[in-house]
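Engineer: with the input below, show me the fold.
(2 chains)
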Amino acid sequence: MSSDYEFSDDDNEYYDGMDMDDDEDVEEQDDDSGISEEEMDIELARGGLTSAGKRKACEVDFDTVTQDAVEALIRRDVEHISSIFGVSEDVASLLLRHMEWNKERLIEKYMDTPTEISVKAGVTVTPPRPPSPPPSGRLASIRSKSSALVAKRTTRRSAAESASRSKVVTEPLVQPETTICQICFDDEQSEMNALSCGHKFCVDCWAAFIRGKIREEGEINIRCMASECSLIAPDSFIRTVLSGDDDTIKRHQELIVRHYVSCNKNLKFCPYPGCTYTVSCPSAASKSALTTIVPTVHCGASENHIFCFGCSIDADHRPVICPVAKLWLKKCQDDSETANWIKSNTKECSKCQSTIEKNGGCNHMTCKKCKYEFCWVCMGPWSEHGTSWYNCNRYDESSGVEARDAQARSRASLERYLHYYNRWANHEQSAKLSVDLYAKTEKKMEEMQITSNLTWIEVQFAKKAVDEVFKCRMTLKWTYAMAYYLEKGNQKELFEDNQRDLERAVEDLSELLESPIEAENIPKLRQQITDKTVYVHKRNEIMLEDTAQGFLEGRWKWNVDVEGF
Amino acid sequence: MSSISVRRLQKELREINKDCPQGIKLVKADDFETWYLTLEVLGESLYKGETFMLKFRFDAQYPISSPSVTFVADDKHQPPLHSHVYSNGHICANILGDGWSPVLSVSAVCISLQSMLASSRKKERPEGNDRYVQYAPDDPKKSRFVYEGMHLILDFQELYFADLTPYTVHFLDDRIWEVS
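Structural biologist: Residues are numbered from 1 along each chain as shown, chains lettered A, B, ... in the order given. Have a look, this model is predicted:
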């Protein structure tokens, strides 16, 4: 598929003139060397937009496409096929739909077996006529190979000849004598219509049928109403039958656009409800590309329509790549609650490591699996207890200590998982709570306007800070998923250093946002929050950028098999 | 009740009364919403001598939309033991779902079911009958059966993202149905 879409990227023009020096060595700023609000805006804007000149590793190139633009692409393909094959645009559209809009494959197949494809695509019924005489040699050379199926029945036929055949069958094959519609039996109904198969039905029945198929079933290919007739209604027929019902025609058009988009790997429909935009991101089209980039994109309708081009796990799961994020989510769904429960309610048999839940009062345990007898309290073998276990005076017995050590080791992996899971879940929870924080902040902003002489514009810094906190918490959340799967080593330590720095900064900023407002400290607080927001933003950028760079350089090693690695 | 379905059913009623296909008998057709017919399998078959009761329910969109057809399962009647007929009388047959065409009729459906039974080689219930019967909606049209040779790939998350109406999908061995 070609990807030469033309779209405006007017968002980017404005920031092109800005000073784009990317100073990555951020030092924690002193409180008095603060930056102005204006600078903060620029800093924040720089992070949010892709500069035409320099692209960050943590961002992908993408374009947004309107529905009209996709329709134009569809029209272009249809016209192209229609002119090559010499068929009507209706036929070309049906053929393309059948071949899932793969023009190259359609051309190849159509040159090979035009009749077979036409029948399969519902363009024509199986030709009832005997084979026609061979056409002129000039046209016959177009045909590369002759398929066994067609060759059996016909002599060599050119593509052009069979193209004219499909034009021929647009006239009805059968002329039914009856003029009464076989569906509604309404004898007042005189206006009949049929596809090229000649199955005539009244216009009202056709309209009801097509409307139902489009509206209720979301069907783009609508077959003839006759039983076992596989002819598909071409677009012009649908438009004629539904004339006046523009909504349904529009819906059909929309369904075709969706079909086109879903068949094209470079395109994805914006998943936000009611949105009709499409995003084109050729660099993330292949599965293998998803192991080195995280294609977070947004559509042209809104900057907030953010989604991942590669998966539907989370709108923005940077910095971790799709396959690892998927692995993590799957683990969480299966494990986290169970793991928590196991951790708090069970112990392992010190001999066979089976997990045992104590469901009775007695501490004399007998493993159901290996029949090992031990004490639930000290984990030592029961034989050392004799009958005097009530004091459990064997607690320091060496075998008991060993058993507990073994227990601790086997618990380590569970502990490790829970460590990452709890932090992951905590950031998710905090991010969810930021809605409340938002409301609180808004109230504070009003308060500030009243208690100090700040204008509405001047108190916007608080809102920006909340936005930033939310964004960073999403990043932090996914860094824990990533860290869980990262192999131990220097690289992981560097990753965790970045993570720690970002986390600390985010917590500081969160705290500042929660701090009480007193009239005399507003200017100071404002400066602090503004500074911290910029700092947090930079830390987030570093986190994302370094991880993305690491993917490109192949720096990250996983402790599990990651699909595609 | 739209006049199309009434007119169409009137016409079908006339034809059935005049020239009923062999082995099929109209039992009750007091209105244009629910009809009852009995069905016998002709010739040599596993169901020789058995009579089954069929219940047709029509909505206002009939015949554009398919009728809802079940075998009656009560004290007097039992649905046939067949690998496409569940014990609650629901039938997994292509022509009652995707394969429905508005030119088909009550008698055409009966004839199809007759031949479905006639070609049966083994008397058995579909796999997972009990689970289906437990969860099945009252109207079999709300169950989407997957017919032999059809493949259905479902990615739940993508469906969710595509903002489609949420529904539960029950998996059952090699047959899948969804309940909306």
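Engineer: who in the stretch 101-250 of chain A is up against chain B?
Structural biologist: Taking Cβ under 8 Å from any Cβ of the partner chain as the criterion, the neighbours of chain B within the stretch 101-250 of chain A are A:182-186, A:199, A:201, A:204-205, A:208-209, A:212, A:225-229. For every residue, glycine as well, the C-beta is placed using N, CA and C.
Engineer: return the subset of those lying in helices.
Structural biologist: With helices defined by DSSP state H, the entries of these inside them are A:204-205, A:208-209, A:212.
Engineer: so where's the chain uncertain?
Structural biologist: With no chain named, the answer covers chain A. A:1-55, A:127-178, A:189-190, A:335-341, A:343-344, A:359-361, A:384-400, A:409-410, A:563-565 (pLDDT under 70).
Engineer: think we crossed wires, I meant chain B
Structural biologist: Within chain B, the ranges that satisfy pLDDT under 70 run B:1-2, B:143-180.
Engineer: for it, which segments count as helices?
Structural biologist: Under the criterion DSSP H, chain B contains helices at B:3-18, B:106-118, B:129-135, B:156-161.
Engineer: what is the burial count for residue 97?
Structural biologist: I went with chain A, as the question did not name one. Residue crowding around residue A:97 was assessed by other Cβ atoms under 10 Å in any protein chain shown; the count is 21.
Engineer: um, chain B though
Structural biologist: Applying other Cβ under 10 Å, I find that residue B:97 has 17 neighbouring residues.
Engineer: could you say which of the helices of chain B is packed most deeply?
Structural biologist: For these, the stretch with the most neighbours on average is helix B:106-118, a mean of 19; neighbours defined as mean count of other Cβ atoms under 10 Å in any protein chain shown.
Engineer: how many neighbours does the closest residue to residue A:319 other than its chain neighbours have?
Structural biologist: By the measure of Cβ to Cβ, 6 or more residues apart in numbering or on different chains, the closest residue to residue A:319 outside its immediate chain neighbours is residue A:547, 3.5 Å from it. By other Cβ under 10 Å, 25 other residues sit near residue A:547.
Engineer: before we move on, what SS does residue A:547 have?
Structural biologist: Here residue A:547 is helix, with the state taken from DSSP: H, G, I helix; E, B strand; the rest coil.
Engineer: check contacts around it.
Structural biologist: Listed by Cβ atoms under 8 Å, 6 or more residues apart in numbering or on different chains, the contact set of residue A:547 reads A:58, A:318-320, A:479, A:482, A:495, A:498, A:556.
Engineer: is it true that residue A:471 touches residue A:541?
Structural biologist: No. No contact is recorded between residue A:471 and residue A:541 when judged using Cβ atoms under 8 Å, the distance being 10.5 Å.
Engineer: scan chain A for its longest helix.
Structural biologist: The helix of greatest length in chain A, counted in residues with DSSP H as the criterion, is given as helix A:398-451.
Engineer: how far away from the center of its chain is that one?
Structural biologist: Mean-position distance between helix A:398-451 and its chain equals 26 Å (Cα atoms, centre = their mean, to the nearest Å).
Engineer: beyond it, next helix or strand please.
Structural biologist: From helix A:398-451 onward toward the C-terminus, using DSSP states H and E, the following helix or strand is helix A:460-485.
Engineer: in the next helix-or-strand element following that following helix, which residues are buried?
Structural biologist: Sequence-wise, the next helix or strand beyond helix A:460-485 is helix A:490-514, with elements assigned using DSSP H and E. Under the neighbour-count criterion of 16 or more other Cβ atoms under 10 Å in any protein chain shown, helix A:490-514 has A:492, A:495, A:498-499, A:501-503, A:505-506, A:509-510, A:512-513 buried.
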